[in-house]
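Novice: model this:
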Amino acid sequence: MKHKNKGIQHKQFAFKTDVVNEDGTFTGYGSVFGNIDSYKEIVAPGAFKESIAAIKASGDPLPALWNHRPYEPIGGYDILQEDSHGLRVEGWLLVNQIPRAAEVHALMKRRVVKGLSIGYYVLEDSWNEKTGVRTLIKLDLQEISPVTFAANVEAQIESVKSILAQGNLPTLSQFEDFLRESGYSKSQATIIASKGLKELLSRSESGGKNSDALSVLQNFKLSI
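Specialist: Purely as a prediction, here's the structure:
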């Protein structure tokens with residue numbers, strides 16, 4: 001299946017950098033091959049091949065953003081290469097020019113920030129109907145973000161927005177995160193998701209129209 005998704009997607013990995021230098025440079029892996037993640041997706045070897053070639057041809061570094069925030073670049077990546085393990089990267093943070101980069105660098109050295117998350121478009125994928133696993137065959141790499149591993153709400157929110165744009169329904173947890181990012185409290189988000197989205201998901205599974213459900217979600221307002 002070949003297509004380009006409407007919205008950028010994110011995939012997060014724990015990483016152990018080989019080196020985090022005082023000048024802000026570091027090496028590690030932005031993605032690994034062969035493991036099935038919680039979304040039942042797997043990145044295939046070669047998925048970044050064409051994207052890496054295009055980035056090299058451009059002569060520009062791949063951006064390093066903080067937690068996928070497009071308005072908060074903190075550095076970049078000069079070396080991107082696939083090996084048998086995954087996407088190996090050599091990056092740098094502008095520790096002397098950007099205060100946030102210096103903060104992230106300090107947190108990386110102390111292993112507080114210990115995640116890398118890739119931002120990408122899916123160009124080609126395949127599905128195994130028997131196992132339900134989706135294989136990402138070709139990706140258009142846009143950026144790689146250092147993130148606070150296992151707590152990257154912003155990436156989850158962007159994923160929900162992407163899902164909505166594609167005409168699909170988010171999971172309950174994705175929608176709860178979306179609501180909390182929009183300003184609702186944890187208890188409010190839980191109530192809305194459990195009493196609203198749960199019913200819509202059931203309706204969709206029983207043959208209801210996704211377009212009707214999405215209309216409700218996209219225009220949902222609550223006063224508590």
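Novice: and the contacts of stretch 49-64?
Specialist: 73-78, 80-82, 91-93, 120, 138-146 (CB atoms under 8 Å, 6 or more residues apart in numbering). C-beta: built from backbone N, CA, C; applies to glycine.
Novice: which of the residues you listed fall in strands?
Specialist: 73-78, 80-82, 91-93, 120, 138-146 (DSSP state E).
Novice: and Glu82, bridged to which residues?
Specialist: With DSSP bridges as the criterion, Glu82 is bridged to Leu87.
Novice: that one touches Ala44, doesn't it?
Specialist: No. Using CB atoms under 8 Å as the test, Glu82 is too far from Ala44 to be in contact (10.5 Å).
Novice: okay, now the domains of this protein?
Specialist: Annotated domains of the chain cover 9-151, 172-218 [automatic domain parsing].
Novice: in CSV: those domains, plus mean neighbour count and mean pLDDT.
Specialist: Output for the domains of the chain, formatted as CSV (neighbours: other CB atoms under 10 Å; pLDDT from 0 to 100):
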stretch, mean neighbour count, mean pLDDT
domain 9-151, 17, 89
domain 172-218, 15, 62
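Novice: could you pull out the strands for this protein?
Specialist: In the chain, the segments counted as strands under DSSP E are 9-14, 19-20, 25-32, 41-43, 62-65, 73-82, 86-93, 115-128, 133-147.
Novice: how much space between the nearest residue to His85 once chain neighbours are set aside and Phe26?
Specialist: Among residues not flanking His85 along the chain, Val32 sits closest, at 6.1 Å (CB to CB, 6 or more residues apart in numbering). Separation of Val32 from Phe26 (CB to CB, to the nearest Å) stands at 17 Å.
Novice: cool, and Trp127?
Specialist: Distance, Trp127 to Phe26, by CB to CB: 35 Å.
Novice: was I right to think Ala101 contacts Leu94?
Specialist: Yes. The pair Ala101 and Leu94 qualifies as a contact (CB under 8 Å) at a distance of 4.6 Å.
Novice: mind listing the shared neighbours of these two?
Specialist: Common neighbours of Ala101 and Leu94 (CB under 8 Å, 6+ apart) are Gly24, Ile74, Gly75.
Novice: of all the residues you listed, which comes closest to Met108?
Specialist: Set against Met108, the nearest of those by CB to CB is Gly24 (9.4 Å).
Novice: for that closest one, which residues are in contact?
Specialist: Gly24 sits in contact with Gly75, Trp92, Leu93, Leu94, Val95, Asn96, Ala101, His105, where contact means CB under 8 Å, 6+ apart.
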